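Asker: Just to be clear, the model below is a prediction. Sequence and coordinates:
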Amino acid sequence: MQFHPDRNPNNPDAEEKFKEASEAYAVLADAEKRGLYDRFGHAGVGAAGAGAGFDATVFHDFSDIFGEFFGFGDLFGGGGGRSGRRTRAQRGADLREDITIEFEEAVFGAERKIAYRRHENCDSCGGSGSAQGKAPTTCRACGGRGQVRYQQGFFSIARTCPTCQGAGSVISDPCAKCKGEGRAVQQKTIDAKIPAGVEDGTRIRFSGVGEAGIQGGPPGDLYVVLHVKEHPFFERQGNDIYCVVPISFTQASLGAEIHVPTLEAEHALKIPEGTQSGTVLKIRGKGVPVLNGHGKGDLFVEVRVQTPSKLSKRQRELLQELQGLTQVENTPQRRSILGKVKDMFN
């Protein structure tokens, strides 16, 4: 009230203060913007558009608050009579549906039919809530204004009519199918395209297919939350994938070429001569596609030398001969294999 433009014509300071108040209300009234403000301060909501420009429609929100409790609705453009009552149209609620997909579907993308239940406008009454051939009647408690006023001392306090909840009308002959709600639960199916590169917990938003709005309000949204199954041997970290492949002592010592699985086809991987157990080899471009972008991650293969548990007589003779020709100092090493791996890719 103090900084309202109508009370402060040609006063830029008052206008600026009122803009700040309106922006603060816009943040408090929006859960997403409020969360951004809690985490990042004014810079967060500014980046999201909450503080960019002035929205004059906030006058109507202030009218609801101040007009209901203090009777100042006219000051903010609320007005009186039937034209000033609050509309009961409300946006429909958002819905959530969780689905489980295979590891490969998350990598390459997929198409799914998702079944869910939502409220839709009743096909019997068209969403009005009244029986066929009937219409809502003017609320007798408030005379169709949507508000009732109480005199307390010097103040005239306006509050939302408890009978019609501010709509100004009541349903005297409710629809038999929806019981006057104007909505009914329906089973729906939507074709969902899962893009390549999604991760566990990814949310996909489908606009306007959530719950139907109340009293002609817009519908909500549907959020599909993805849960990705684990792969038998691949592990994913971001766009890179990891696996472990066993090799023999001779392959590690002499070097070899082995065929390792990837997400698409087998890949010929060269094992250098003298490879140590735990060595990590990188195969470029064989990872997960970048979600909504270009390129792919890499595949990291850790080779582990497999020690035979049983030896034939000839194998034992050869290894004993090799043991006599090979000397290894069994002293502790300070650096871990992990440190060596980091050096390889830095």
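Answerer: Happy to help now that I have it.

Asker: helix/strand/coil for the nearest residue to residue 113 once chain neighbours are set aside?
Answerer: Nearest residue to residue 113 in three dimensions, chain neighbours excluded: residue 189, at 5.5 Å (CB to CB, 6 or more residues apart in numbering). Bear in mind the C-beta positions are built from the backbone N, C-alpha and C, glycine included. Reducing the assignment at residue 189 to three states with DSSP: H, G, I helix; E, B strand; the rest coil gives strand.

Asker: Please apply the same query to residue 242.
Answerer: The assignment at residue 242 comes out as strand when based on three-state DSSP.

Asker: hmm, back to that, what separation do you get for the residue nearest to residue 113 and residue 183?
Answerer: Remark: distance between residue 189 and residue 183 (CB to CB, to the nearest Å) = 19 Å.

Asker: These two: who's more crowded?
Answerer: Neighbours were counted for residue 189 and for residue 183 using other CB atoms under 10 Å; residue 183 has more, 20 against 9.

Asker: Contact partners for residue 207?
Answerer: Neighbour list for residue 207: residue 221 [criterion: CB atoms under 8 Å, 6 or more residues apart in numbering].

Asker: What does the pLDDT read for it?
Answerer: The score at residue 207 is 93. That number is its pLDDT.

Asker: which non-adjacent residue is nearest residue 273?
Answerer: With CB to CB, 6+ apart as the criterion, residue 273 has its nearest non-adjacent residue at 3.6 Å, and that residue is residue 255.

Asker: so what's the residue nearest to residue 113 up against?
Answerer: For residue 189, the contact set (CB under 8 Å, 6+ apart) comprises 113, 114, 115, 116.

Asker: Run through the stretch 101-250 of the chain and note the low-pLDDT ranges.
Answerer: Applying pLDDT under 70 to the stretch 101-250 of the chain flags residues 152-155, 215-216.

Asker: As a check, name the ranges of all strands in it.
Answerer: Listed in chain order, the strands of the stretch 101-250 of the chain (DSSP state E, counting those that start in this stretch) span residues 110-121, 137-138, 147-152, 155-160, 169-170, 183-194, 203-206, 222-228, 235-237, 240-247.

Asker: Name the surrounding residues that touch the fifth one.
Answerer: The set of residues that contact strand 169-170 without belonging to it, under CB under 8 Å, 6+ apart, is 136, 137, 138, 139, 144, 163, 164.

Asker: what kind of secondary structure is the closest residue to residue 264 other than its chain neighbours in?
Answerer: Distance criterion CB to CB, 6+ apart; nearest residue to residue 264, sequence neighbours excluded, is residue 286 at 7.4 Å. Three-state assignment for residue 286 (three-state DSSP): coil.

Asker: List the contacts of residue 286.
Answerer: 241, 262, 263, 264, 267, 296, 298, 299.
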